[in-house]
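Asks: Structure for this input, please:
(chains A and B)
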Amino acid sequence: MELKLENITKFYGKQCALDNFNGVFTEGIYGLLGPNGAGKTTLINIIIGVLEASKGAILLDGSDVKKMGTKYLDKVGYLPQEPTFYKNFRVDEFLKYMCAIKGIPSKHVDSRIEEVLELVNLTDSYKKKVGALSGGMRQRLGIGQAILNRPDILILDEPTAGLDPGERIRFRNIISKLSKDRIVLLATHIVSDVEYIAKEVLILKKGKLVKKGTTKELERTVEGKIWNVTVSETDVEKYMHKYLIANIKRLEDKLQLRIVSESRPDGIAEAVAPSLEDVFLSIMEQ
Amino acid sequence: MIRIVYFEIRKNYLRSYVVIALLSFLLINILIIYKDYLYGPNDLYGYFLPHTAEYQKWWQSYQEMYDKVSGKLTADKARFVVSEYRRLDAMVADGTYSREKQEGTYTGYIWGDYVFITKYFYRPMKYVSTYESAIKQVIENAKANIEFYSQCGNNFDKSKNEFIVKHYSGRKIDVFHNGKFWGLLFEYDFSDLLIVLLLLLGVAPMFVNEKNTNMDKLILSSIKGKFSMTFVKVFSIFLYTAFLVIVFSGINFLVCKFLYGLSGIQMPIYAVEAYQYTPLNCSVGMFYVLQTLLKVVGLFVFATWICLLSALFQRVVYPYAISTLSVVLGIYASGYVASVETSKTIWALMSPFTLLRANKLFNELLGINIRDTFYLRAHVALIVQIFIVLMIFILIYMIVSIRDLRVIKKLITRESS
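Replies: Below you'll find the predicted structure:
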């Protein structure tokens, strides 16, 4: 299976929200990284069919999805940003409703619901009101509804926003499990969400795809530019003005700064292995 | 389709606050009818006396005599009522009758008996028995008018009189029942106000909730999403409106039947004196069904208007406020339903609340001149409202189609700033 995005461009009036986006996706997880306003949501809305691109085409296994109509929608599962769903529905009711609007035949509804509840670990909560679920449980319910139609393409928009670290890890594990036989496109501005699980990371900035590759490939682009410098508390301000600081770690009586810099910073600087966060930061600061 | 409609109903109307409001309003409605029953309905300007202990004897006598003379109109029944009327008329004619309370009377007093027999039996029975000849005279006049207007070249009045000849011929009333009770039921409209409030509660948050829960995009990205966001929503509104109108109309009927009796469901609508010139030839029972159906249409149009407002705005307060204002304007405009001024009539025809006034639309011959032809205002009002509801549906469809774009645009603008 191959999802190909060709020259996807979106204008809102004169404002270009997405500029000539190209990408090819096969089975596996793709991280779509970018700050707010980078064009992630616009791209997602175009892929899920609620927004029409000003230019470009989306091809699924070579077929234009516009010509596929609802057959294409049947292959897509979507989890929107910060969903609250219907608080007065019970979990099973909500999933039944989603089955109805996804056109899943009645005879398959119960088995599908059972299947997804087990997968997202909500079997014990199926009679709970949606309003009574915790943030993490609600996101897992969101994943559940997205895979009810057994989609080939799963789109997740900021799925870990507001989750505690435990839920975030649990969520990542579910996504990893789901990515075996489908395309998972995970849009986020939280780098750690995709750092270890993404097959490829795409970084968007101001509507443009500025970099893409595997985590390793991207990290290589900043190799030799990441430094650890240990400084006293009084010097921190000076370094912050001069360099791009990726992280600050408190040592006993000093502070360790993680600096992104083309040249070796002042003081005792030690070159360290880069992370995806360093890549992201260096791109955003350019 | 049925599943989606069910969930749409579950989502919007089977909410605890809507169900509680519905049950409370049903109770309030019953209490209002009962209050009218106890203290005398306001609508009939004191025609009926209160059902208090003071008038117990009066009502008892009324029921006894009504049981005796109601039903098929016969010469014996007519003779009895006329003889009672003449007897009492003779007693009060010279003003020398006793003013004291007396045994062996219907109401306790001679004058009370005279009023009782005249108002509730003699005059209504006279109306029923003379209706055939009176309407024949109307038809004869209409025939003469047709000839006259043909000569004048006045096509509108000619067609109006042709309508009279066609629809009023052969009318006859051969039963005697108390039409005033039916009139009370037809006039009762407090429940309409309660339905309007329930429509506001159920429909105003419809689209706003989808936006607030971020469900709008999720639904639109599903196979049946657009269908669900437009047709199903509007259809669920129709079901909700029909349910409310039928439940309230049913309750109104049952409570009135229990309290007042409401006999003669098969008698023609023109047997109710206020409807003597109605263009309809159906029974009172059928008229009540027709009135209920017209209310369903009128309130459905209003509910789709609330739905349109809900689709337009992000906050529920706006649909509530604008809908409430629309109710006031709509009811005001519908007051012109019988107006002789064309501009006011047009306002009335545009208002969905006009269809809630079947009692005014049909108790006399109300027509409108369209290209020199006579059309019933009720028919025109119905067609206008069907046209309006179609327009509203198209607008909702358009808003749903472009709304997402607007939402995302807003999001982009916010993020960029």
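
Asks: Residue A:22 - how many residues pack around it?
Replies: Using other Cβ atoms under 10 Å in any protein chain shown, residue A:22 is surrounded by 12 other residues. For glycine as for every other residue, the C-beta is placed from the backbone atoms N, C-alpha and C.

Asks: Is it correct that it falls within a strand?
Replies: Yes. Judged by DSSP: H, G, I helix; E, B strand; the rest coil, residue A:22 forms part of a strand.

Asks: Tell me who's in contact with residue 215.
Replies: You didn't pick a chain, so chain A it is. By Cβ atoms under 8 Å, 6 or more residues apart in numbering or on different chains, the residues touching residue A:215 are A:195, A:196, A:198, A:201, A:276.

Asks: wait, chain B
Replies: Going by Cβ under 8 Å, 6+ apart, residue B:215 touches A:80, A:83, A:85, A:86, B:209.

Asks: now with 7 Å?
Replies: Contact analysis of residue B:215 by Cβ atoms under 7 Å, 6 or more residues apart in numbering or on different chains lists residue A:85.

Asks: Would you mind measuring from it to residue B:279?
Replies: 48 Å (Cβ to Cβ, to the nearest Å).

Asks: what about the closest residue to chain B within chain A, which SS state?
Replies: Here the residue of chain A nearest chain B is residue A:37; by Cβ to the nearest Cβ that distance is 3.1 Å. Three-state call for residue A:37 (three-state DSSP): coil.

Asks: before we move on, back to that, now restrict the contacts of residue A:215 to buried residues only.
Replies: The neighbour-count criterion (16 or more other Cβ atoms under 10 Å in any protein chain shown) marks A:195, A:198, A:201, A:276 among the contacts of residue A:215 as buried.

Asks: which of those has the weakest pLDDT?
Replies: Within the buried ones among the contacts of residue A:215, residue A:195 has the lowest pLDDT, namely 79.

Asks: Excluding residues flanking it in the chain, which one is nearest it?
Replies: Nearest residue to residue A:195, sequence neighbours excluded (Cβ to Cβ, 6 or more residues apart in numbering or on different chains): residue A:276, at 4.5 Å.

Asks: Residue A:221 is in contact with that neighbour, correct?
Replies: No. Using Cβ atoms under 7 Å, residue A:276 is not in contact with residue A:221; the gap is 10.7 Å.

Asks: what are the ranges of the strands in the stretch 101-250 of chain A?
Replies: In the stretch 101-250 of chain A, the strands defined using DSSP state E, counting those that start in this stretch lie at A:153-157, A:183-188, A:200-205, A:208-213, A:226-231, A:244-250.

Asks: looking at the ones you listed, which is closest to residue B:69?
Replies: Comparing the strands of the stretch 101-250 of chain A by their distance to residue B:69 (Cβ to Cβ), the top pick is strand A:153-157, with 77.0 Å.

Asks: what's in contact with the closest one?
Replies: Against strand A:153-157 from outside (Cβ under 7 Å, 6+ apart): A:3, A:41, A:44, A:47-48, A:75-81, A:146-147, A:178, A:182-187.

Asks: Now do the buried residues in that strand.
Replies: For strand A:153-157, by 16+ other Cβ under 10 Å, it's A:153, A:154, A:155, A:156, A:157.

Asks: mind listing which of the buried ones among the contacts of residue A:215 are in helices?
Replies: A:195, A:276 (DSSP state H).

Asks: and which of the buried ones among the contacts of residue A:215 is nearest residue B:14?
Replies: Using Cβ to Cβ, residue A:198 comes nearest to residue B:14 of the buried ones among the contacts of residue A:215, at 42.4 Å.

Asks: contacting residues for the closest residue to residue A:140 other than its chain neighbours?
Replies: Spatial nearest neighbour of residue A:140, excluding adjacent residues (Cβ to Cβ, 6+ apart): residue A:120 at 4.1 Å. By Cβ under 7 Å, 6+ apart, the contact set of residue A:120 is A:140, A:141, A:143, A:144, A:174.

Asks: and residue A:120, backbone torsions?
Replies: phi -100, psi 10 (degrees, to the nearest 10).

Asks: domains for chain A, by residue range?
Replies: Domain ranges of chain A: A:3-219, A:221-285, per automatic domain parsing.

Asks: May I have the distance across the first one, first residue to last?
Replies: Okay, so that is domain A:3-219. Start-to-end span of domain A:3-219 (Cα to Cα, to the nearest Å) is 25 Å.
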